[in-house]
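Engineer: What would the 3D arrangement of this be:
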Amino acid sequence: MKEKVSFKRVISFGGAFIALIIGSGFATGQELMQYFSSYGKLGALSLVLVFALFYIVGTELITTGYEKHFENPNDIYTVVSGKYIGKFYDYFSVFFLFLSYTVMIAGAQATAMEQYNAPEYVGGVILAIFVMATVYFGLDKIVDIIGSIGPVIVILAIGVGTVSLILNFKNIPNAAGDLEMALNSGDLHVASTNPILAAGSYVGFNLIWLAGFLSTIGKELNSKKEGRLSIFTGSFGFSLASLLVSTAIYISISKVYSSQIPMLMLANDISPTLAHIFSVVIFFGIYTSAVPLLWNVVARFSEDGTKRYKMLTICLGIIGAIIGLTIHFNKLVNVVYVVNGYIGLVFGLFLIVRHFKRKFKA
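Structural biologist: Numbers count the residues shown, from 1 in each chain. You can find the predicted model right below:
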C-alpha cells in the first residue's frame, strides 16, 4: 500500500528539526569551530558522518514515536534502551538541560563583552533575569513571538558565512598553517582527539534534545515514509549549512580562533553595523533557547504556577547563572557538550542497533 506523504509537512518537520539543533551555538560559531573547523579539511568528512548519524537516529526516533504515540515523550528512553538504562537517560536529560541553560548564560555574557565591551557579568545577568521572569510568570507567548527569530538566525549565519567565504577565499592556501598555529597556541579548544569521535559527540549531545521532540512529532505523521523524508530534509539542510559556516570559520581561523563568538568577528569584517544587528539576533536566539531549557527542568520537579515552581525557578535560575557567569563560554561548550555528547552517543548506539534490526525484519 502506498504511504501517504505531505511534502508541506516534510518541509515543516524538517525545518523544525533544523531549528531545534541549530540554536544559538550555531549562530555564535563556537560549536562549529570546536567540532568541525578545528579539524581543517577533515571537518568536512566529519559533517558527512554527522549527516548519516542524524538520519539514522532521527529516523528511528520519529518512527518509534509514530508507532507508540507516547503520552510522555521521555518514555522513548525506556522503549529504546530498557527500563533501567532508560530511567537513567530520563533523569540525565533533565540534568543536561540544566547544564545547557548555563551554557546559554555564558553565551550571552560573551556576546555582550565581545561586541559592546560590556563589563563582565552584564550580558549573563540580563539574560538570567529575563529568563527567570519569563518562566516565573509563565510568559510563554513572548517566547513564541520572539521564537520566530530562529529562521532569521539561520539566514544571517549562512549569509555571513557565504560573504566571508567569498571575501577570504584567497586565504585557503594558508588555512592549514594558520590552524596549526591556532592549535599550538592553546586558545583553540577542540571537541575530541579526532574528527570521528567529535562527530559522535556532536550527534550525542543533540540527541538529548531531539529524543522527546522527535518522538512527539512522530505522532503527527501521516506515514513512516513522511517521517524518513522529514529527517532526511532536516539532516541534509543542517549539515549543508554547517559545512558552509564551518568552512568560513576555517579559512579565517587566524582571526577568530581566540574569540568566544567567532561569527561576530566574521560579521564585523563585513560590516560593523551587520555585527551589531547580528549580536542582537544572537541574544534573542539565546533567550528563546534558554527559557524552555530552564522551564523543562523546573516543570519536571513541580507543577506549573505553584509556590514550589516559583521557588525552584529562582533557585535553579540563579545557580545556573552563577555557573555560566564564572566559566568562559568556549570552555563550557567544550566540557558540557562534549562530555555529555559521549553519554548521549551511547543512547545513539541503542538507536542504531534498533534501526538495523528493523531493516533486517522488513
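
Engineer: how distant is the longest helix along the chain from the center of its chain?
Structural biologist: For the chain, the helix that runs over the most residues, judged by DSSP state H, is helix 83-116. Using Cα atoms, centre = their mean, to the nearest Å, the distance from the centre of helix 83-116 to the centre of the chain it belongs to is 10 Å.

Engineer: Output stretch 160-169 as PDB, nothing but the C-alphas.
Structural biologist: Output in PDB follows, covering the C-alpha atoms of stretch 160-169 (Å, rounded to 0.1, in the frame of the first residue of the first chain):
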ATOM      1  CA  VAL A 160      27.600  35.900   6.900                       C
ATOM      2  CA  GLY A 161      29.300  32.600   6.200                       C
ATOM      3  CA  THR A 162      28.800  32.900   2.500                       C
ATOM      4  CA  VAL A 163      30.100  36.500   2.200                       C
ATOM      5  CA  SER A 164      33.000  35.700   4.500                       C
ATOM      6  CA  LEU A 165      33.900  32.700   2.300                       C
ATOM      7  CA  ILE A 166      33.900  35.000  -0.800                       C
ATOM      8  CA  LEU A 167      36.000  37.700   0.900                       C
ATOM      9  CA  ASN A 168      38.500  35.400   2.400                       C
ATOM     10  CA  PHE A 169      38.700  32.800  -0.400                       C
END
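
Engineer: Using neighbour counts, pick out the buried residues of it.
Structural biologist: 160-161, 163-165, 168 (16 or more other Cβ atoms under 10 Å). C-betas here are computed from N, CA, C, even on glycine.

Engineer: does N222 count as helix, strand or coil?
Structural biologist: Look at N222: counting by DSSP: H, G, I helix; E, B strand; the rest coil, its state is coil.

Engineer: Skipping adjacent residues, who's closest to it in space?
Structural biologist: Excluding its sequence neighbours, the residue lying closest to N222 (Cβ to Cβ, 6 or more residues apart in numbering) is K4, at 4.2 Å.

Engineer: Backbone torsions only: list them for that neighbour.
Structural biologist: phi -70, psi 130 (degrees, to the nearest 10).

Engineer: Tell me who's in contact with it.
Structural biologist: 222-223, 226 (Cβ atoms under 8 Å, 6 or more residues apart in numbering).

Engineer: picking up where we left off before, among the buried residues of stretch 160-169, which are located in strands?
Structural biologist: Of the buried residues of stretch 160-169, none are assigned to strands by DSSP state E.

Engineer: Pick out whichever of those residues sits closest to G86.
Structural biologist: Ranked by distance to G86 (Cβ to Cβ), those are led by G161 at 38.5 Å.

Engineer: residue contacts, the closest one?
Structural biologist: G161 neighbours (Cβ under 8 Å, 6+ apart): 244-245, 247-249, 263, 266.

Engineer: residue boundaries of the helices in the stretch 51-200 of the chain?
Structural biologist: 75-81, 83-116, 122-137, 140-146, 149-167, 172-185, 195-218 (DSSP state H, counting those that start in this stretch).

Engineer: Skipping its backbone neighbours, what lies nearest R228 in space?
Structural biologist: Nearest to R228 is T59, by Cβ to Cβ, 6+ apart, at 5.3 Å.

Engineer: Do you know the pLDDT at that neighbour?
Structural biologist: As predicted, T59 sits at a pLDDT of 96.

Engineer: show me the residues around A299 that make contact.
Structural biologist: Y309.

Engineer: The strand or helix carrying it relative to helix 195-218, how many degrees between them?
Structural biologist: Per DSSP states H and E: A299 is located in helix 272-301. Compare the direction of helix 272-301 with that of helix 195-218 by axes from the mean of the first three to the mean of the last three Cα atoms, to 10 degrees and you get 60 degrees.

Engineer: picking up where we left off before, the longest helix of the chain: which residues count as buried?
Structural biologist: Across helix 83-116, burial judged by 16+ other Cβ under 10 Å covers 86, 88-90, 92-94, 96-115.

Engineer: Give me the below-cutoff pLDDT ranges for the stretch 51-200 of the chain.
Structural biologist: Along the stretch 51-200 of the chain, the parts satisfying pLDDT under 70 run over 140-150.

Engineer: thinking again about what came up before, distance to R354 for the buried residues of stretch 160-169 - can I get that in TSV?
Structural biologist: Output for the buried residues of stretch 160-169, formatted as TSV (distance: Cβ to Cβ, whole Å):
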residue	distance to R354
V160	39
G161	35
V163	42
S164	40
L165	39
N168	43
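
Engineer: Among the residues you listed, which one lies nearest to T288?
Structural biologist: Using Cβ to Cβ, the buried residues of stretch 160-169 come closest to T288 at V160, 19.6 Å.

Engineer: quick one: that closest one and G43, what's the gap?
Structural biologist: Per Cβ to Cβ, to the nearest Å, V160 is found 18 Å from G43.

Engineer: again with S235
Structural biologist: Taken as Cβ to Cβ, the span from S235 to G43 is 17 Å.

Engineer: and what of V353?
Structural biologist: According to Cβ to Cβ, V353 and G43 sit 28 Å apart.

Engineer: Which one's more surrounded, the two?
Structural biologist: With neighbours defined as other Cβ atoms under 10 Å, V353 and G43 compare such that G43 has more, 24 against 13.

Engineer: Check the offset of the helix or strand containing that one from the chain's centre.
Structural biologist: Applying DSSP H and E as the criterion places G43 in helix 42-68. The chain centre lies 14 Å from the centre of helix 42-68; the measure is Cα atoms, centre = their mean.

Engineer: Many thanks, have a good one.
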